[in-house]
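Peer 1: pasting the structure only:
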């Protein structure tokens, strides 16, 4: 095993996962820096959820390594990984998983109480996050009395109330209408930055990805990289504010499914940099070719 970089809170190397006889991840490597919001983009079925499950210790890769704060997750036993997920990680599903016998604030406080926190302080934290997500008035309602969007906000409040070191959000706005998405995502990203929470966000929505510091894209279980052909720099300069170099900038990179962003964060990446698409999401009129990392 090779120790991960010191500045990466999460680090994965050459992940291979097969589900139901089909490859779900093929040689995916990446690193996530502390307090970074990383978007994992790609179409449905590209391996985003599988990657998040591997990084969070829910699923062990068949090959490869996963590290959290320089500790190997892939060699941990089931109980140790369960404690890690309970104490250090938060998780938001595409569909809210709430306990039907508990009301909204009790569901939002559940993670804190499972950690052994006092009921009173857990209740205060739960109410705070329900208010910030504009559903404070639903605190005493049980899940069956809530709309789908309200249930999802309760699930998000539960994840944030625990102040996790890393929050994994798998299509967190999937059940929300467009009018609700912007507010919920602003709350999520603002909370992450103010509490120094690292976020790994899986999404197929390019608008959601723009809120992240950086985006990596998956396609058929592989990472996609943009390879610029000779002359692209001149073409981009002539376009007036086209792509900026990846890697060191740490800024958001908007991309279509066929053009990837992200650079040099993970080990084993060819070239160490990738260009972001232009402001209109194009790929410099087809001059930049996509490559798949293995």
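Peer 2: Thanks, I have the structure now. The shown structure was predicted, so the numbers you read here are calculated from the model rather than taken from an experiment.
Peer 1: contacts only, for residue 175.
Peer 2: For residue 175, the contact set (C-beta atoms under 8 Å, 6 or more residues apart in numbering) comprises 94, 95, 96, 148, 149, 151, 152. (Each C-beta comes from the backbone N, C-alpha and C, glycine too.)
Peer 1: now the residues you listed: which count as buried?
Peer 2: Listed as buried from these are 96, 149, 151, 152; burial here means 16 or more other C-beta atoms under 10 Å.
Peer 1: can you tell me which of those residues is nearest residue 132?
Peer 2: residue 152 (14.4 Å; C-beta to C-beta).
Peer 1: tell me where the stretch 151-294 of the chain has helices.
Peer 2: For the stretch 151-294 of the chain, the helices defined by DSSP state H, counting those that start in this stretch occupy 178-194, 206-209, 232-239.
Peer 1: over to the stretch 1-150 of the chain?
Peer 2: Along the stretch 1-150 of the chain, the segments classed as helices by DSSP H, counting those that start in this stretch run 48-55, 78-87, 104-114, 119-132, 148-161.
Peer 1: related to what we said a few turns ago, from the contacts of residue 175, which two are the most distant?
Peer 2: 94 and 149 (12.9 Å).
Peer 1: burial measure for residue 172, as a count.
Peer 2: Counted by other C-beta atoms under 10 Å, the residues lying close to residue 172 total 28.
Peer 1: which one is it nearest to, not counting chain neighbours?
Peer 2: In space, and not counting its chain neighbours, residue 172 is closest to residue 92: 4.4 Å by C-beta to C-beta, 6 or more residues apart in numbering.
Peer 1: my guess is that neighbour meets residue 164, correct?
Peer 2: No. In this structure, residue 92 is not within contact of residue 164 by C-beta atoms under 8 Å, at 10.5 Å.
Peer 1: just to revisit the earlier point, redo the helices of the stretch 151-294 of the chain as TSV? Include mean pLDDT and distance to residue 15.
Peer 2: Formatted as TSV, those follow (pLDDT from 0 to 100; distance: least, C-beta to C-beta, whole Å):
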stretch	mean pLDDT	distance to residue 15
helix 178-194	86	24
helix 206-209	82	21
helix 232-239	47	30
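Peer 1: nearest to residue 76, of those helices?
Peer 2: Closest of the helices of the stretch 151-294 of the chain to residue 76 is helix 178-194, at 25.0 Å (criterion: C-beta to C-beta).
Peer 1: tell me which residues in stretch 20-35 are buried?
Peer 2: 23, 24, 25, 26, 27, 28, 29, 30, 31, 32, 33.
Peer 1: avg pLDDT for that stretch?
Peer 2: Confidence for stretch 20-35, expressed as mean pLDDT, is 94.
Peer 1: hmm, back to that, wait, which of the buried residues of stretch 20-35 is closest to residue 61?
Peer 2: For the buried residues of stretch 20-35, the closest approach to residue 61 (C-beta to C-beta) belongs to residue 25, at 7.0 Å.
Peer 1: let me see the contact set for the closest one.
Peer 2: The neighbours of residue 25, taking C-beta under 8 Å, 6+ apart as the test, are 15, 16, 17, 47, 50, 51, 54, 61, 221, 222.
Peer 1: neighbour-wise, which one of the residues you listed leads?
Peer 2: Taking other C-beta under 10 Å as the neighbour criterion, residue 51 ranks highest of the contacts of residue 25 with 30 neighbours.
Peer 1: from residue 58, how far off is that one?
Peer 2: Counting by C-beta to C-beta, to the nearest Å, the gap from residue 51 to residue 58 is 11 Å.
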